[in-house]
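Undergrad: After the sequence you'll find the predicted model.
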Amino acid sequence: MVQAILSKYEHHIGDITVTPSRGGVFEVIVGEELIFSKKELGRHASIEEVMDSLAAIIGPSPDPEG
């Protein structure tokens, strides 16, 4: 998922952090905004779901093929 995010938004992202944790926690946070929480929803996110949430925050990809 990190590779998909970077390939589409590499020119918009200053840094990306992946933090391992225990107990199956998986969260995607942009700035201070939580855009996905496996703990809250009880399921994993699809790549499309995360990418759509990022597009809503960052905007569409500058690359028409991205």
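TA: Good, I have the coordinates.

Undergrad: Now for Y9, how many residues are close by?
TA: Residues within reach of Y9, counting by other CB atoms under 10 Å, total 20. Yep, even glycine has a C-beta here, placed from its N, CA and C like the rest.

Undergrad: ok, S37 - contacts?
TA: Under the criterion of CB atoms under 8 Å, 6 or more residues apart in numbering, the contact list for S37 reads F26, E27, V28.

Undergrad: how about those in TSV, adding neighbour count and distance to P60?
TA: TSV is the format used below for the contacts of S37 (neighbours: other CB atoms under 10 Å; distance: CB to CB, whole Å):
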residue	neighbour count	distance to P60
F26	14	25
E27	14	24
V28	17	18
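
Undergrad: Where do the helices of this protein begin and end?
TA: 2-9, 38-41, 47-58 (DSSP state H).

Undergrad: In CSV: those, plus distance to S21 and mean pLDDT.
TA: Compiled in CSV, the helices of the chain are given as follows (distance: least, CB to CB, whole Å; pLDDT from 0 to 100):
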stretch, distance to S21, mean pLDDT
helix 2-9, 15, 85
helix 38-41, 10, 86
helix 47-58, 17, 88
